[in-house]
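Enquirer: sharing a model prediction with you, sequence too.
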Amino acid sequence: MRSLRFFVALFVAALWTQAIAAAAPPPSQLRMVIVVSRHGVRSPTHPAELQAYAAQTWPTWSGKPGNLTERGALLMQQFGAYYRRLYGGSLGMGERGCPPAGSVFVWADVDQRTRATGDAILAGMTPGCNIVVHHAPADPDQLFDPLPGIGVVNKAEAMASVLGAVGGNLNGLTAAYGGAFATMESVLGCVSSTTCKQISQVPTTVANDGDGGLAGLSGGLDMAGDVAENMLLEYTNGNADVGWGRVDHARLLQLLQLHVLGKKLEHGNRYSARAHSSNMMAHILQTLEEGATGKAVAGTRVPPQARFVFFAGHDTQLAEFSGLLGLSWLIDGDQLNDTPPGSALIFELHGAPGAQLWVRTFFVAQTLDAMRAGHGESPLRVPVYVPGCPALDCPFATFRRIVSAAVDPRFVAPW
């Protein structure tokens, strides 16, 4: 009897091993990498609008509001060197020297912070190689801002996609996130002050005043998200006395709950994500098709010989892709689904010639403390599951089907 049980156990173990082998992707080679990145650390875009909600004067930043800072450029240069270490050998670039012509392609939005981010990435990845950062000749670039130029927004559906996520009552969020709001009032010094207003007492409203008529948030939650973002920028820029000396790492994570929430409701809801990011996601899929075939594909500006493709955009794109494809991520020491400066979604295409191709999706970011210290040389890269895939490694045919189903062709145009 023992012998029989022993052989049965061996048989079951053999079947289990075969099942694991069948589920695992075959050995492959890296064919293409596409990085969709937020720009690096910038200065606040409109801090004066928040002065009424702070007991003390907001700190002054050098340079033009919204531009990439000196620290932001340094961190993105470190990010570029990391990408070279991570992918250079696998993509045939080597660890140093200039990569083959056309193998690295960078496209940035037209803002100074995105174009400067592209420059810094190349300075770290391909120093002295004179690779240019491509961008649209004028604002808007429809790859990043397709509305109102591409497609027509259904305003009722856009409103329903936000209100339906909160039971029709945005102001119920004040109680649901009471701890985060209380921390914010304490940081701003407006708990008992008569010289400033409490953000938690300002109603949150929604109207069709977003791009092309999408639903946009205004009022309390929107301003709270801006406050949290400004604290994040102070922290990652290495500024002294973040939040007037009242914000440390733990408090920053509390505040970021409100920033992530606002992004999810406004940009990560299913309708807004499809309307505003279908165009970009469709062109990313076309670029992956080039990586799969090695031939030019109509609809993308990326040259067919490109192996590393970098899009320098905004946290909006990352939030929208999360909503479009149902993605989620967590970087150690950060808030769930946060999109800190320089963070990115990465789509890797793997597969030997003539074999099945696989897509591996990652989220990558420098930690908040590493950015604060100015040492972002070793970002964290975590796997991201794409719903509908059989595992973290997704057959390209399956990935193509998932993306094609998620993309709304009414909001797609030639690039």
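Expert: Sure, I can see it.
Enquirer: how about the strands in the stretch 301-415 of the chain?
Expert: 308-313, 344-350, 358-365, 380-383, 393-395 (DSSP state E, counting those that start in this stretch).
Enquirer: got the contact list for the closest residue to residue 316 other than its chain neighbours?
Expert: Once flanking residues are discounted, residue 316 sits nearest to residue 267: 5.4 Å by CB to CB, 6 or more residues apart in numbering. Using the backbone N, CA and C atoms, a C-beta is placed for each residue, glycine as well. Neighbouring residues of residue 267 by CB atoms under 8 Å, 6 or more residues apart in numbering: 273, 276, 316, 319-320, 323.
Enquirer: residues contacting stretch 351-361, please?
Expert: With CB under 8 Å, 6+ apart, stretch 351-361 has contacts from 25-29, 31, 288, 292, 327, 345-350, 383-386, 392-397, 399.
Enquirer: for the stretch 51-200 of the chain, which segments count as helices?
Expert: 70-87, 112-125, 155-163, 173-176, 178-188 (DSSP state H, counting those that start in this stretch).
Enquirer: tell me the buried residues in the third one?
Expert: Pointing back at helix 155-163 there. By 16 or more other CB atoms under 10 Å, the buried positions in helix 155-163 come out as 158-159, 161-163.
Enquirer: and for stretch 197-205, what are the contacting residues?
Expert: By CB under 8 Å, 6+ apart, the surrounding residues in contact with stretch 197-205 are 52-53, 170-171, 173-174, 178, 181-182, 184-185, 188, 190-191, 217-224, 227.
Enquirer: repeat the analysis, applying 10 Å as the threshold.
Expert: Contacts with stretch 197-205, where a contact means CB atoms under 10 Å, 6 or more residues apart in numbering, come from 50, 52-54, 166, 169-175, 177-178, 180-182, 184-185, 188, 190-192, 216-224, 226-227, 258, 262, 265.
Enquirer: what does stretch 183-190 give?
Expert: By CB under 10 Å, 6+ apart, the surrounding residues in contact with stretch 183-190 are 50, 52-56, 58, 177, 191-193, 195-201, 223-224, 227-228, 231, 242-247, 250-255, 257-258.
Enquirer: rerun that using 6 Å as the cut-off
Expert: 53-55, 191, 196, 198, 224, 227, 243, 246-247, 251, 254-255 (CB atoms under 6 Å, 6 or more residues apart in numbering).
Enquirer: looking at neighbours, which among those is most surrounded?
Expert: Neighbour counts for the contacts of stretch 183-190 peak at residue 224, which has 30 neighbours (criterion: other CB atoms under 10 Å).
Enquirer: re the thing from before, kindly reformat the contacts of residue 267 as a markdown table containing distance to residue 71 and pLDDT.
Expert: Listed next are the contacts of residue 267 as a markdown table, based on distance: CB to CB, whole Å; pLDDT from 0 to 100:
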| residue | distance to residue 71 | pLDDT |
| --- | --- | --- |
| 273 | 31 | 98 |
| 276 | 29 | 98 |
| 316 | 22 | 97 |
| 319 | 24 | 98 |
| 320 | 27 | 98 |
| 323 | 30 | 98 |
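Enquirer: closest one of the residues you listed to residue 116?
Expert: Using CB to CB, residue 316 is the member of the contacts of residue 267 that sits closest to residue 116, with 17.9 Å.
Enquirer: which residues in the stretch 1-150 of the chain form strands?
Expert: Secondary structure of the stretch 1-150 of the chain by DSSP E, counting those that start in this stretch: the strands cover 30-38, 104-108, 133-135.
Enquirer: dump the ones you listed to JSON lines, plus mean neighbour count and mean pLDDT.
Expert: Formatted as JSON lines, those follow (neighbours: other CB atoms under 10 Å; pLDDT from 0 to 100):
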{"stretch": "strand 30-38", "mean neighbour count": "23", "mean pLDDT": "97"}
{"stretch": "strand 104-108", "mean neighbour count": "24", "mean pLDDT": "98"}
{"stretch": "strand 133-135", "mean neighbour count": "17", "mean pLDDT": "98"}
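Enquirer: got the contact list for residue 227?
Expert: Applying CB under 6 Å, 6+ apart, the residues near residue 227 are residue 184.
Enquirer: now it: which helix or strand?
Expert: Assigned by DSSP states H and E, residue 227 belongs to helix 220-236.
Enquirer: which regions of the stretch 201-350 of the chain sit below the pLDDT cut-off?
Expert: Filtered on pLDDT under 70, the stretch 201-350 of the chain yields no residues whatsoever.
Enquirer: can you pull out the helices in it?
Expert: Along the stretch 201-350 of the chain, the stretches classed as helices by DSSP H, counting those that start in this stretch are 220-236, 242-245, 249-266, 270-293, 315-325.
Enquirer: and residue 403, which of these is closest to it?
Expert: helix 270-293 (4.9 Å).
Enquirer: and that closest one, what's buried?
Expert: 271-292.
Enquirer: now stretch 382-400, how far from the centre of its chain.
Expert: Distance of stretch 382-400 from the chain centroid (CA atoms, centre = their mean, to the nearest Å) equals 18 Å.
Enquirer: end to end, how far does that stretch reach?
Expert: With CA to CA, to the nearest Å as the measure, the ends of stretch 382-400 fall 22 Å from one another.
Enquirer: and it, average pLDDT?
Expert: Across stretch 382-400, pLDDT averages out at 98.
Enquirer: tally of neighbours for the nearest residue to residue 109 once chain neighbours are set aside?
Expert: Of all residues not flanking residue 109 in the chain, residue 144 sits nearest, at 4.5 Å (CB to CB, 6+ apart). Neighbour count of residue 144, defined by other CB under 10 Å: 25.
Enquirer: please report how far residue 144 lies from residue 225.
Expert: Distance, residue 144 to residue 225, using CB to CB, to the nearest Å: 20 Å.
Enquirer: kindly report the same for residue 238.
Expert: 22 Å.
Enquirer: and the two? Which one has more around it.
Expert: Neighbour count, other CB under 10 Å: between residue 238 and residue 225, residue 225 has more, with 22 against 17.
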